[in-house]
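Engineer: sequence first, predicted model second:
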Amino acid sequence: PAAEEPAPATDGAESMMSSATRARTPPQLLRNTAGGALFFKPDLRFRTPKAFLGLKVACLRRTATPTVEEAVMASLAVELILEGLNETSYAATITGLHYQLEPGDSGFSIITTGFSHKLPVLALRVTEALAAVAAKPVDADLLGRMIEKARQKYQNAGKTSGERVRAARLRCITSPFHTSAAKLAALPGITAAQLDEFLKGDLAPATAGEPAAHHLTVYAAGNLNEDEALAFFDSACEALGAQRGGDPAAPSPDDKPGVWRATPPSVPGCAPEGCALHNDGVWRVHAVSATNAAEKNRSVELLWQLGECTHALQARLDLLVAVMAEPCFDILRTKQQLGYAVDLGQRNSHGILGVCVHVTSSTVNPHEIDCRAREFLQTQVPKIANIKQKVWDDTVEAATTNMLRDDHSLEEEVARFVPEISGRQYVWDRAEKV
């Protein structure tokens, strides 16, 4: 294919694209104010009594680059909140409702799913619990139990060679990135007073004359109507003290250029996620030792960063992986027996696309794995130009069919739209453009 454009679609692909386009109605932007944005997508297709309510809370007082201590305290705050919601959790589970509360670099996210009749009530209860955690002092005894729980979690995480090498890769290219070992080291220094101060800074509502403390992004989908979605949005804004009126702090979807960026746009004061782009042609090697002296496995990940994600680059990368993944496994795993786990896939690190080869072996040393994997790509990539036209057309058609595969459930539809909203990209027809 040409350098600037993906290979042209076949007649079959074009007809599939038209069918997929008709089936994919984008979410509506019901409200966009200084305090938040509400996206809404009613279920007019699957006709199930299910719904989805997702809420991303940006804490605008956060520092530009969260420290490992702040990351640990955000996780402890979530555990404290979930502990207080145990009774709610039991009642929700037996009625077919589920919720998640997760910490993030810029705030917190809440996801609720299940039967729609009581879902807004559950989502609001979790939101109110998040807001209330800063209103009273942290219980030192409860915090001690949560710290012990976190200690066991961090102590048992990142032990295998595969986990270690993945963490090493992310640490090289992602900012901020805190390993489980770093979090474990920071844990003993966290006190109740320190967590109190963190929570008040993160979740206390803004006082008169103070800049906004929170920005909310809500996605409501499924068996809900507009009034229910708007009522939840207003109630969530009230619970967290977010401004319900005023000019929007975030650009509207119509203002977006439709491509991923290395540093996604952020609400003012919100820490942006970032990715280090190593484009100087230097081959960097980062080695980490095993945490278990008896570990016999060696894992290697080789990452080639290809540039900022555009539709054209995404299309070429999809086709590259489609034609290279099977030969990679066949040659390195089956024929050369380089390792028992061999994989070639793509990576999107905060908007920077790349191709990654992962190998885990108990017999071959990392240097030899590195050399053979690079040799594989050096010999196989030039062969792409000699692929027979019929084989290439079949590959393009298969990739197109997979990309434009229709949603078969509300869950699949939600999984496609949520990254566009949480990443503030709003490219509802990304698959068709790629």
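Structural biologist: In hand now; what should we look at?

Engineer: from Met324, how far out is Thr33?
Structural biologist: 47 Å (C-beta to C-beta, to the nearest Å). Placement of C-beta: from N, CA and C, glycine included.

Engineer: repeat that for Thr401.
Structural biologist: For Thr401, the distance to Met324 - C-beta to C-beta - is 19 Å.

Engineer: quick one, which of these two is more surrounded?
Structural biologist: Met324 (20 against 13; other C-beta atoms under 10 Å).

Engineer: any idea of the pLDDT on that one?
Structural biologist: With respect to pLDDT, Met324 scores 95.

Engineer: and if you look at the one 10 residues further on?
Structural biologist: For Thr334, the model assigns a pLDDT of 95.

Engineer: go on, Asp406?
Structural biologist: At Asp406, pLDDT is 89.

Engineer: assumed it was part of a strand.
Structural biologist: No - according to DSSP: H, G, I helix; E, B strand; the rest coil, Asp406 belongs to no strand; its state is coil.

Engineer: which element, helix or strand, includes Cys328?
Structural biologist: helix 311-328 (DSSP states H and E).

Engineer: show me where pLDDT drops low in the stretch 201-350 of the chain?
Structural biologist: 244-280 (pLDDT under 70).

Engineer: rerun at 90
Structural biologist: Low-confidence segments of the stretch 201-350 of the chain, defined by pLDDT under 90: 205-212, 242-296, 305, 307-309, 348-350.

Engineer: helices along that one, start to end?
Structural biologist: 226-240, 311-328 (DSSP state H, counting those that start in this stretch).

Engineer: now swap in the stretch 51-200 of the chain and tell me
Structural biologist: Going by DSSP H, counting those that start in this stretch, the stretch 51-200 of the chain shows helices at 68-84, 86-94, 119-132, 140-156, 161-173, 180-186, 192-203.

Engineer: for those, which one sits closest to Arg333?
Structural biologist: Comparing these against Arg333 with C-beta to C-beta, the closest turns out to be helix 161-173 (14.9 Å).

Engineer: ok so, going back, would CSV of the helices of the stretch 201-350 of the chain with distance to Ser180 be doable?
Structural biologist: As requested, those are exported to CSV (distance: least, C-beta to C-beta, whole Å):
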stretch, distance to Ser180
helix 226-240, 30
helix 311-328, 29
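
Engineer: and those helices: which comes nearest Leu377?
Structural biologist: Among those, if distance is taken as C-beta to C-beta, the winner is helix 311-328, at 7.9 Å.

Engineer: state the distance from Arg430 to Asn348.
Structural biologist: Distance of Arg430 to Asn348, computed by C-beta to C-beta: 12 Å.

Engineer: out of the helices of the stretch 51-200 of the chain, nearest to Phe233?
Structural biologist: Using C-beta to C-beta, the nearest of the helices of the stretch 51-200 of the chain to Phe233 is helix 119-132, at 9.9 Å.
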